[in-house]
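Trainee: One predicted model, sequence on top.
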Amino acid sequence: MGRQTQHATGAMALAEMREFAGFSAGAQRYIRRSLDIGLKRADAAKLWSRDPIESASIGAQARLYVRLDELRGLVPDDSGIAAIEPFIAPLISLSAFDLGQGRLDSFAAYRFLYERLVGAGARPWLPGAFCAAAALPHLHPDRRRALLQSISEAAATAPGWSSRSPGFFPAWVDKVEADALPN
């Protein structure tokens, strides 16, 4: 890998870290938890559950996220209705669950999570799935309004999307005592 490619990759990962740092603490926690479940990185219930309600939520999320493996294989190559139908319905269902959890408070947080859960190929479909899920009646009207207002016109009407895979995948980091750090 050349120096310029390494620099560009590093700069993009840094930009993704900055973006993640700009999300609310609740959104950051939910994204890390969701990635642990969706990418099968850790025992999410053991790591993230603080009470029986959260444990039940994690269990429900894990049952729904079983569909992610299939969904990743269904990302359409074109925008024909026949090509998107098997993909968009499950994407909206998963999105509705995640938005219903009340932790993803903007399109940016949603997009950040789903680019990593489903892959870069899903980018063109994320604004539509987000808007569809955010408009569903299971959300309080004030929440629907806030979510729908969080998507910019530029994101909703983009003429094209990058196919570059995300470079930063936030994960749980245990606290380390300062004297345990290497010099």
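Mentor: Sure, I can see it.

Trainee: Next up, the contacts around the residue nearest to the spatial centre of the chain.
Mentor: Using C-alpha atoms, centre = their mean, the residue of the chain that lies closest to the mean C-alpha position is Leu113, 1.2 Å off. Applying C-beta atoms under 8 Å, 6 or more residues apart in numbering, we find Leu113 in contact with 30-31, 34-35, 98, 104. For glycine as for every other residue, the C-beta is placed from the backbone atoms N, C-alpha and C.

Trainee: List the contacts of Arg164.
Mentor: When contacts are counted by C-beta under 8 Å, 6+ apart, Arg164 touches 12, 120.

Trainee: same deal with Gly26?
Mentor: With contacts taken as C-beta under 8 Å, 6+ apart, Gly26 has the following neighbours: 103, 105.

Trainee: Which strand or helix spans it?
Mentor: If you go by DSSP states H and E, Gly26 is part of helix 25-38.

Trainee: For the chain, which segments are assigned as helices?
Mentor: Under the criterion DSSP state H, the chain contains helices at 3-21, 25-38, 44-48, 52-65, 68-73, 81-100, 107-117, 126-134, 141-149, 153-156.

Trainee: For Ala171, find the nearest of those helices.
Mentor: Checking the helices of the chain against Ala171 by C-beta to C-beta gives helix 25-38 as the closest, at 6.2 Å.

Trainee: Could you find which two of the contacts of Leu113 are furthest from each other?
Mentor: Using C-beta to C-beta, those span at most 12.7 Å, a distance reached by Leu35 and Leu104.

Trainee: Nice, that's everything, thank you.
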